[in-house]
Every structure is written in C-alpha cells, then in structure tokens.
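>>> Predicted structure and sequence below. I'll ask about it afterward.
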Amino acid sequence: MNYYKYDEIKSHFDDFLNNNLDYLKENETDYLDDLHHMAFNEDYYIIGTYQAKQWLGDQVFNVIDIIKQYEQDNFGEVNTDLSSPEHVVNMYAYIIGEYVVSDYINSLEKQKVTAWTKIY
C-alpha cells in the first residue's frame, strides 16, 4: 500500500538513525525492540497547528480514517484528539513509522541471510 507521505516519514527515520548511530552501535543487541518508540514516540514529528494543517493538506480525512482504524484495531477505541491537527499528524507519523521500522528491520534480516548464504 502506498501511504501518504511515507517517503517523508522514512526520511525522518533515516535522519534519526544517522543522528543516533553511535548510541545504536553501542546498544546493538537491544535497540531493535525500542527503535520505533525512540524514533516516533520520544519527540513530536510536527509542532504547531499551522504546520500540521499544511502537512495534512487535502488528505486530512484519509489520515483520520487510518488513525481511527489503527486505534480501533489495537485499543478498541479512538484516543487521538482528532480535532487537533498536530495530534493527528503525530499519530499518523507514529502509525506509518511502524511500517518504516518494520521495513528497516526486514532489510537488516535480509542482509544477514544474504551474508550467511555467501559464507556457505
């Protein structure tokens, strides 16, 4: 599925990885479990109502639908304040961030498999 602003959110994640490379290398064995939380839950993706409205553009209702579906499926209810553009953007980035991090971890696993098969 092609998610709205996926590439931009992925770029945010790539910046996070580059800015935290030393920490991630030092804690290599246990950072993968917390990677999504560190990248998408410890800081806001967008700050400011105006910036959030601009970011959402004409996709606001599609983004809200994704949030509602995600929260219903995972929590049984919608908790995000959907009247706050800032909350909407940040929750959406959190959700899409799960896909971004999952793709990243899958690529790491593929690299390990490829390296392992070259050895044998």
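The structure has been received and is ready for your questions. Numbering: from 1, shown residues only.

>>> By mean pLDDT, point me to the weakest helix or strand of this protein.
Every helix and strand of the chain was ranked by mean pLDDT, DSSP states H and E. The lowest is helix 21-26, at a mean of 75.

>>> Mind giving me the packing neighbours of the helix or strand following that one?
The first helix or strand that comes after helix 21-26 along the chain, using DSSP states H and E, is helix 31-40. Counting contacts by 3 or more C-beta pairs under 8 Å, 6 or more residues apart in numbering; DSSP states H and E, helix 31-40 packs against helix 6-19, helix 85-119. Where you see a C-beta, it was placed from the backbone N, CA and C, and this is true even at glycine.

>>> The last one to helix 31-40, inter-axis angle?
With axes from the mean of the first three to the mean of the last three C-alpha atoms, to 10 degrees defining the directions, helix 85-119 sits at 150 degrees from helix 31-40.

>>> Also the shortest one?
Relative orientation of helix 6-19 with respect to helix 31-40: 120 degrees, computed using the same axes, to 10 degrees.

>>> okay, helix 6-19 in CSV with CA atoms only?
C-alpha atoms of helix 6-19 as CSV (Å, rounded to 0.1, in the frame of the first residue of the first chain):
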residue,chain,number,x,y,z
TYR,A,6,5.6,7.5,3.5
ASP,A,7,8.9,8.7,1.9
GLU,A,8,8.9,11.8,4.1
ILE,A,9,8.4,9.8,7.2
LYS,A,10,11.0,7.3,6.1
SER,A,11,13.4,10.2,5.6
HIS,A,12,12.7,11.3,9.2
PHE,A,13,13.6,7.8,10.3
ASP,A,14,16.8,7.8,8.3
ASP,A,15,17.8,11.1,9.9
PHE,A,16,17.0,9.6,13.3
LEU,A,17,19.3,6.6,12.5
ASN,A,18,22.1,8.9,11.3
ASN,A,19,21.8,11.2,14.3
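
>>> Okay then, goodbye and thanks.
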